[in-house]
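S.K.: pasted the sequence and its predicted model underneath.
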Amino acid sequence: MKLSISIPPSELTKAKADIARFQRIIQASIAQILYRGGDRIDSKTKRRCPVDTGRLRSSYRFQVDRSKLSLVNGTNVQYALPVEVGTVGQRAQPHLVPSANAEYPKILEAIRKEVSHAT
């Protein structure tokens, strides 16, 4: 016994459009979650950052790439890494990594909730 079901091309076109729309909505929602998470990481990093002149603290920024759904927090200040991880003559003063580690599970959970809510 065989059963054959044919879906008209117009219905397939509609389904593809619906899937694309759904993908754009989810992508925008996840980008917002990443933006909020990046902002929280940025704030925590600046609160934890050791201060001498204030240059390092004020240099931290974050960026969300909506097309790749990626979040980057950081600085271009050259001495940030030695401050974060320490050197032979200087103790580590971690501020970026602990901030990111604290927020990472919250960001993932928010994404999971958003995706499960949308499906």
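M.R.: Done, it's in.
S.K.: for stretch 72-80, which positions count as buried?
M.R.: Buried residues in stretch 72-80, counted by 16 or more other CB atoms under 10 Å: Asn73, Gly74, Thr75, Ala80. Using the backbone N, CA and C atoms, a C-beta is placed for each residue, glycine as well.
S.K.: do I have it right that the last one meets Leu56?
M.R.: It refers to Ala80. Yes - the pair Ala80 and Leu56 qualifies as a contact (CB atoms under 8 Å) at a distance of 6.0 Å.
S.K.: for this protein, which segments count as strands?
M.R.: In order along the chain, the chain carries the following strands (DSSP state E): 61-65, 70-74.
S.K.: would you turn these into a markdown table with mean pLDDT and distance to Leu3?
M.R.: Written out in a markdown table, the entries for those read as follows (pLDDT from 0 to 100; distance: least, CB to CB, whole Å):
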| stretch | mean pLDDT | distance to Leu3 |
| --- | --- | --- |
| strand 61-65 | 97 | 46 |
| strand 70-74 | 97 | 45 |
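S.K.: now those as JSON lines including distance to Lys46?
M.R.: Below are these laid out as JSON lines (distance: least, CB to CB, whole Å):
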{"stretch": "strand 61-65", "distance to Lys46": "10"}
{"stretch": "strand 70-74", "distance to Lys46": "11"}
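S.K.: what mean pLDDT does the lengthiest helix in the chain get?
M.R.: Among the elements of the chain assigned as helix by DSSP state H, the one spanning the most residues is helix 9-48. The pLDDT scores in helix 9-48 average 94.
S.K.: what's that helix packed up against?
M.R.: Helices and strands touching helix 9-48, by 3 or more CB pairs under 8 Å, 6 or more residues apart in numbering; DSSP states H and E, are strand 61-65, strand 70-74, helix 96-118.
S.K.: Ser116: neighbouring residues, count only.
M.R.: Residues near Ser116, counting by other CB atoms under 10 Å, number 8.
S.K.: any idea how far it is from Leu108?
M.R.: For Ser116, the distance to Leu108 equals 12 Å [CB to CB, to the nearest Å].
S.K.: count of neighbours near Arg48?
M.R.: Around Arg48 there are 16 other residues, counting by other CB under 10 Å.
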